[in-house]
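> Fold the stuff below for me.
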Amino acid sequence: MGLAVGAMGMRIDDFLGMTPGEFSAVHEAWEGCRRQDWERARLVGWCAVAPHVSRRMGPEEFLPFPWEKDAESSGQPPAEVTADERKRRFEDAKKRYALS
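Here you go, the predicted model:
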C-alpha cells in the first residue's frame, strides 16, 4: 500500500478497489514511465558530457541502470509474475494489512 499511495500517488480507495491484476498493470505502466524519465535524464547528461570526453561511449555505457544490468546478465527478459503468484501475494498483503 505504501508504494501505491506514497510513491505512485494513488488514493487509498482506488488501491483497495483494485484486483491484484489491475494493480500489477498500473504498477508496470508507472514503472515504465519512471524508467523513461531516468533514460531521458541520462541522455541529456550524456549529450552535455560527450563532447568533452576523449573516449567514445554511448549513453548506456555512460550511465548504466540496474534494470539494464539485470537483463544483460541473465540474457533473458524479466520473468512475468503468474496469476497464482499474484493471487498469493495479494492474500499475504490482505493478512498483513488486515484488509477484508
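> okay, and the helix or strand of the protein with the least pLDDT?
The helix or strand of the chain with the poorest confidence is helix 66-74; it has a mean of 70 (mean pLDDT, DSSP states H and E).
> Now do the helix or strand just after that helix, average pLDDT.
Remark: after helix 66-74, the chain's next helix or strand is helix 83-97, criterion DSSP states H and E. Mean pLDDT, computed over helix 83-97, is 77.
> where are the low-confidence patches of this protein?
Applying pLDDT under 70 to the chain flags residues 70-79, 96-100.
> Closest to the centroid, which residue in it?
By Cα atoms, centre = their mean, the mean C-alpha position of the chain lies nearest to residue 31, the distance being 3.2 Å.
> element containing it, please.
In this assignment (DSSP H and E), residue 31 forms part of helix 20-49.
> which of the residues in that helix are buried?
For helix 20-49, burial by neighbour count (16 or more other Cβ atoms under 10 Å) applies to 20, 23-24, 26, 30, 42, 46. (C-beta placed from N, C-alpha, C; glycine too.)
> Could you name the helices and strands sitting against it?
helix 59-62, helix 83-97 (3 or more Cβ pairs under 8 Å, 6 or more residues apart in numbering; DSSP states H and E).
> Same list (those helices) but as a markdown table, adding mean neighbour count.
Output for the helices and strands packed on helix 20-49, formatted as a markdown table (neighbours: other Cβ atoms under 10 Å):
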| stretch | mean neighbour count |
| --- | --- |
| helix 59-62 | 14 |
| helix 83-97 | 12 |
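> among these, which is nearest residue 11?
helix 83-97 (15.9 Å; Cβ to Cβ).
> could you give the angle of that closest one to helix 20-49?
Between helix 83-97 and helix 20-49, the angle comes out at 90 degrees (axes from the mean of the first three to the mean of the last three Cα atoms, to 10 degrees).
> how far is helix 83-97 from where the chain is centred?
19 Å (Cα atoms, centre = their mean, to the nearest Å).
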